[in-house]
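Undergrad: Next comes the sequence, and after it the predicted model I'd like to discuss.
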Protein chains: 2
Amino acid sequence: MVILSDFPAETAGVFTQNEVKAAPVRLSQTYLKQATPKAIVANSGNANACTGTIGMDHARRMADTAAKALGIRRREVLVCSTGIIGLPMPIERIEAKMPELAGSLGEGAEANALAAEAIMTSDTRPKSEAIRVKIGGKTVTLGAIAKGAGMINPNMATMLCFVTTDAKISKAELRAATREATDLSFNRITIDGDMSTNDTVLVMANGQAGNRAITKGGPGGRAFREALTELMRRMAKKIVADGERVTKLVEVVVKGAYSSADAEKVARAVANSKLVKCSWNGNDPNWGRVIHAVGYSGARIREEMVDIYFDGRCAAKHGLVSDTPLEELQRVVSGPKFRVCIDLNLGSGEYNIYTADLSPEYVLFNREEYAVSKMKR
Amino acid sequence: MVILSDFPAETAGVFTQNEVKAAPVRLSQTYLKQATPKAIVANSGNANACTGTIGMDHARRMADTAAKALGIRRREVLVCSTGIIGLPMPIERIEAKMPELAGSLGEGAEANALAAEAIMTSDTRPKSEAIRVKIGGKTVTLGAIAKGAGMINPNMATMLCFVTTDAKISKAELRAATREATDLSFNRITIDGDMSTNDTVLVMANGQAGNRAITKGGPGGRAFREALTELMRRMAKKIVADGERVTKLVEVVVKGAYSSADAEKVARAVANSKLVKCSWNGNDPNWGRVIHAVGYSGARIREEMVDIYFDGRCAAKHGLVSDTPLEELQRVVSGPKFRVCIDLNLGSGEYNIYTADLSPEYVLFNREEYAVSKMKR
């Protein structure tokens, strides 16, 4: 997949925090410091991770071949890969196809859809969204494509999201807005608690909307941040809802914690508990498993203060079973989308996170992936 | 299940670190401070957790009824429960059966086997072991029964282990020995990363072996600690091997870390990674998933220094795929028991942990448990 901006675009990037970083991640981080990008090139199927110096060479060749085909400089190309770890990239196949790809770039919805499809791995559907916002009387457009599916966790795992916008914005403000929007979206989703070697969010702003440049604290800044956050939130939810063999999108909301850090600990413990996720898969409003995860989260809690709700229906009050009929709670958990709210009743700390159930099919899928990929080699 | 010592027994207890502690855990912690125990009473099926003041009342009634039937004081009885969280205990059923149970207590292998069976929940087989050791010319016996199955994680989850010994030992030394043995055994196993509300290890020493009392640093202390540790290690491995729908027992060994704390972080990240555990279930020597978990563990690592072995066969060297034939690695991972060794090549920090694979059957089982238990009510 190639994204090309006709003009150099201020670009902000957020990358995986895994200590094992794929070659394209390291290369893109370097290029971002050296030039103002014009393009992104991405492949799916091979992550080019744990591939050593050959991997770095392959990442550079990917930038080279795209730059050549697009008529721009190598350092103006950011590189992303997603797929299997530890196998060499079949870089010749990418090099062979690049002229054809560069020659067929389009615009608008159809091109967007093709790009979103090209970066899919185990995703079952392409993910794209767009938002328009008025800034200083000018219409600014933000578009995004993303892929996710497995290894989704705090700090964004095996996910790619590319946002393009025609907003005119300072580099510093674009970076701050990207960091904030990422914290409020991709860093609040989890599927399996794993974190990948390749996660990348890139936001390219090429300034063609004609608005006065957005700067920190200046006019339009809040509107842009809100639009970017909303866009990324929509993409984040799509990623969780399309997680590997996921059947439910669940928002875990924690309130009443001593601090927001405590609230986050509780939210992550519940959202990542295998036993909690199994219960949801079985349409089981098992608040006992929820409170046991609350208990080991590391947050300060008092068992006799904890209330647990499923879509507003009380399952446990003061740490004890409520009198809500079980059938009513089961109806909620049987749906494709619900919210679990945990009120610790201790303070004003809050946090929310999106997660999913854990299905037998997830395990089946993930124990077979490697064999499949070996065959495809 | 009832364990009775004819003599008051110095007893050391290690309890769950979950902030949500079941009523019997809180009661036993209190009683341990107030008296020298003579008995343990335990039930399976209901955890008596998240049951509030009624739960505390039920736990006390359980101690009461056992004390009465055994002819001892209430505070000489320690209480344990394991099973579902959040439902009231059917305490009347325990009270009704207690005289019969107290009247039928036996000794030796058969009684042991019955006791081990009585505390099972989703365990598929009873777990017991015994060790004899010479201390100051006297033969000291240590016996253990345990139950495990799900929610096994650092700091021992949904597991009970009761050790009885005729050793004569000071309370302080018994406590220290129990803490050390637990750290080297039950705190180094993990099945699903969850931690329960009811975990309890109790070691009762009634001093009838006739040895001179073991004290800190005194003769026989080392021999006793080693025997206790070995006994608990055997029980810990049995618990993992019989984890819910587990097909493989895997030891994760980390070497060459900057510190043992770093080694522990890596071992736990790998041992708890859903993706790693799925790959093992599929007989897949997927070192890429292992190194990705190493990368997000939070330990200081250098990707290009990491070596990964499956039962001594090199899968990755310096962070890159090795030339060991895939079939050879697959053969290891296809077995019921193997060791994954990760050498970070940075220092001398080491840690090891026992874990298991993650199977589709685990998910199926855990999404159905609640429904089953509702029916049984």
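TA: Structure received.

Undergrad: Next, the spatially most distant residue from the centre of chain A: secondary structure please.
TA: Among residues of chain A, the one most distant from the C-alpha centroid is residue A:323; the distance is 38.2 Å, by C-alpha atoms, centre = their mean. Following DSSP: H, G, I helix; E, B strand; the rest coil, we place residue A:323 in the coil state.

Undergrad: Next, give phi and psi for it.
TA: phi -100, psi 10 (degrees, to the nearest 10).

Undergrad: can you check residue A:343 too?
TA: According to degrees, to the nearest 10, residue A:343 has phi -110, psi 120.

Undergrad: Same check on residue A:16?
TA: phi -50, psi 150.

Undergrad: quick one: it and residue A:28, what's the gap?
TA: 11 Å (C-beta to C-beta, to the nearest Å). All C-beta atoms are positioned from the backbone trio N, CA, C, and that covers glycine.

Undergrad: Now for the two: what residues contact both?
TA: Residues touching both residue A:16 and residue A:28 (C-beta atoms under 8 Å, 6 or more residues apart in numbering or on different chains) are residue A:200.

Undergrad: what pLDDT does the residue farthest from the centre of chain A get?
TA: At residue A:323, the model reports a pLDDT of 93.

Undergrad: likewise residue A:370?
TA: For residue A:370, pLDDT reads 46.

Undergrad: cool, residue A:90 as well?
TA: Model confidence at residue A:90, given as pLDDT, is 95.

Undergrad: contacting residues for it?
TA: residue A:46.

Undergrad: do the same with residue A:133
TA: By C-beta under 8 Å, 6+ apart, the contact set of residue A:133 is A:139, A:140, A:142, A:223, A:224, A:226, A:227.

Undergrad: State the number of residues packed around the second one.
TA: Number of residues near residue A:140 (other C-beta atoms under 10 Å in any protein chain shown) recorded here: 25.

Undergrad: try the fifth one
TA: Applying other C-beta under 10 Å, we find 23 residues neighbouring residue A:224.

Undergrad: A helix includes it, no?
TA: Yes - Residue A:224 forms part of a helix when assessed by three-state DSSP.

Undergrad: Residue ranges in the stretch 201-350 of chain A under the pLDDT threshold?
TA: Counting by pLDDT under 70, not a single residue of the stretch 201-350 of chain A qualifies.

Undergrad: How about the residues of the stretch 201-350 of chain A by chain B?
TA: A:272-275, A:278-279, A:281-282, A:284, A:286-289, A:291-297, A:299-301, A:303-304, A:316, A:318-321, A:326 (C-beta under 8 Å from any C-beta of the partner chain).

Undergrad: Show the buried residues in those residues.
TA: The neighbour-count criterion (16 or more other C-beta atoms under 10 Å in any protein chain shown) marks A:272-275, A:278-279, A:281-282, A:284, A:286-289, A:291-297, A:299-301, A:303, A:316, A:319-321 among those as buried.

Undergrad: Tell me which entries of the residues you listed lie within helices.
TA: A:272, A:274-275, A:278-279, A:281, A:287-289, A:291-296 (DSSP state H).

Undergrad: out of those residues, what pair is the most spread apart?
TA: Spatially, the most separated pair among these is A:281 and A:295, at 21.9 Å (C-beta to C-beta).

Undergrad: who does the host helix or strand of residue A:82 touch, helix- and strand-wise?
TA: Per DSSP states H and E: residue A:82 is located in strand A:77-84. If you count contacts as 3 or more C-beta pairs under 8 Å, 6 or more residues apart in numbering or on different chains; DSSP states H and E, strand A:77-84 packs onto helix A:23-34, strand A:39-46, helix A:52-70, strand A:200-205, helix A:360-376.

Undergrad: which helices and strands sit right next to the longest one?
TA: I take that to be helix A:52-70. Using 3+ C-beta pairs under 8 Å, 6+ apart, helix A:52-70 sits against strand A:2-4, helix A:23-34, strand A:39-46, strand A:77-84, helix A:91-103.

Undergrad: Show residues contacting it.
TA: A:2, A:4, A:22-24, A:26-27, A:31, A:38-39, A:41, A:43, A:48-49, A:51, A:73-79, A:81, A:88-89, A:91, A:94-95, A:98-99, A:101-103, B:304, B:318-320.

Undergrad: let's see 7 Å
TA: A:2, A:4, A:23-24, A:27, A:39, A:41, A:48, A:51, A:73-74, A:76-77, A:79, A:88-89, A:91, A:94-95, A:98-99, A:102, B:304, B:319-320 (C-beta atoms under 7 Å, 6 or more residues apart in numbering or on different chains).

Undergrad: Now a ChimeraX select for only the buried ones of the residues you listed.
TA: Burial among these is assessed by 16+ other C-beta under 10 Å; the matching ChimeraX selection reads:
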select /A:2,4,23,24,27,39,41,48,51,73,74,76,77,79,89,91,94,95,98,102 /B:319,320
